[in-house]
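>>> Provided below for reference: sequence and predicted model.
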Amino acid sequence: EPEVTQTPSHQVTQMGQEVILRCVPISNHLYFYWYRQILGQKVEFLVSFYNNEISEKSEIFDDQFSVERPDGSNFTLKIRSTKLEDSAMYFCASSEALADIQYFGAGTRLSVL
Amino acid sequence: GQNIDQPTEMTATEGAIVQINCTYQTSGFNGLFWYQQHAGEAPTFLSYNVLDGLEEKGRFSSFLSRSKGYSYLLLKELQMKDSASYLCAADDKLIFGTGTRLQVFP
């Protein structure tokens, strides 16, 4: 069964460093998303991406964040200068169509020290 | 504003039926989704309602009333493995509630 894959599963970084979280969405899906979940808290929407551009973003997705689809398969989330409060699980998701079922990757646990 | 409300925790016994309620207020509405999330894992899709009424899928059913901004997830014949968080989410960008942590006891 097709699945969304995310790498790495765990990323440890120093405050102020840049990190890139990688995702390979399901191949025939057109809509891509990033969510984050701080430990013990709810899943929060960050950004949605369609047709090579951001379609919607939340207040959390400030200038420190960016997304890119560098090739036909990868979808990345970059955090330019990490802060302690960026420590969370980051989930990538994809869907075939807008408002369709979203399938989530296993997540990348980001630990900022 | 956008808001999803659901109970924080529920408990039930194996074999029983449990109903998890969710009320929502969102700026847009393209459907109401239920996801299951085991601790430390990704959310997995359970059910989706876009029209009013009941959607049945094996042991899980979900109900939606758009006029009331209300949904519930019904789990029948509970099993120990159903112990997880159940997330109600609305809109195309999935505004999630805090999730309902369900504990199933033998």
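On my side now, so go ahead. Numbers count the residues shown, from 1 in each chain, chains lettered A, B, ... in the order given.
>>> doesn't A:A88 make contact with A:L39?
Yes. The criterion here is C-beta atoms under 8 Å, and A:L39 meets it with A:A88 at 7.2 Å. Backbone N, C-alpha and C define where each C-beta goes, glycine included.
>>> More neighbours: which of these two?
A:A88 (19 against 9; other C-beta atoms under 10 Å in any protein chain shown).
>>> Please name the residues that touch that one.
A:R36, A:Q37, A:I38, A:L39, A:R109, A:L110 (C-beta atoms under 8 Å, 6 or more residues apart in numbering or on different chains).
>>> again, 7 Å this time
A:R36, A:Q37, A:I38, A:L110 (C-beta atoms under 7 Å, 6 or more residues apart in numbering or on different chains).
>>> and the first one, what element?
What it means is A:R36. strand A:31-37 (DSSP states H and E).
>>> Got the confidence number for residue 95?
Unless you meant another one, I'm taking chain A. Note for A:S95: predicted pLDDT of 93.
>>> Not quite, go with chain B.
80.
>>> How many residues are close by it?
For B:I95, using other C-beta under 10 Å, the count is 22.
>>> From what I see, it and B:C88 are in contact.
No. In this structure, B:I95 is not within contact of B:C88 by C-beta atoms under 7 Å, at 9.4 Å.
>>> Can you pull the residues that touch both of the two?
B:I4.
>>> which non-adjacent residue is nearest the one residue in chain A that gets nearest to chain B?
Closest to chain B within chain A is A:A99: 3.4 Å, counting by C-beta to the nearest C-beta. Leaving aside its chain neighbours, A:A99 sits nearest to B:N30 (3.4 Å; criterion: C-beta to C-beta, 6 or more residues apart in numbering or on different chains).
>>> okay, now that neighbour: neighbour count?
If you count neighbours by other C-beta under 10 Å, B:N30 ends up with 15.
>>> Which positions in chain A make contact with chain B?
A:42-43, A:45, A:48, A:56, A:91, A:98-99, A:101-107 (C-beta under 7 Å from any C-beta of the partner chain).
>>> Just send the contacts of A:A88 back as CSV, with pLDDT and neighbour count too.
Compiled in CSV, those are given as follows (pLDDT from 0 to 100; neighbours: other C-beta atoms under 10 Å in any protein chain shown):
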residue, pLDDT, neighbour count
A:R36, 96, 24
A:Q37, 95, 20
A:I38, 95, 13
A:L110, 98, 21
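>>> sorry, back to before: check which strands are paired with the strand holding A:R36 and give the direction for each one.
Applying DSSP bridges, strand A:31-37 is found paired with strand A:43-50 (antiparallel), strand A:88-95 (antiparallel).
>>> most packed of these?
Comparing these by mean neighbour count (mean count of other C-beta atoms under 10 Å in any protein chain shown), strand A:88-95 comes out on top with a mean of 24.
>>> elements contacting the helix or strand following that one?
Remark: after strand A:88-95, the chain's next helix or strand is strand A:103-104, criterion DSSP H and E. Identification of packing neighbours for strand A:103-104 by 3 or more C-beta pairs under 7 Å, 6 or more residues apart in numbering or on different chains; DSSP states H and E yields strand A:88-95.
>>> Taking chain B, what residue is nearest to chain A?
For chain B, C-beta to the nearest C-beta, closest residue to chain A: B:N30, 3.4 Å.
>>> how far does stretch B:4-20 sit from the chain's center?
Here stretch B:4-20 shows a centroid-to-chain-centroid distance of 9 Å under the convention C-alpha atoms, centre = their mean, to the nearest Å.
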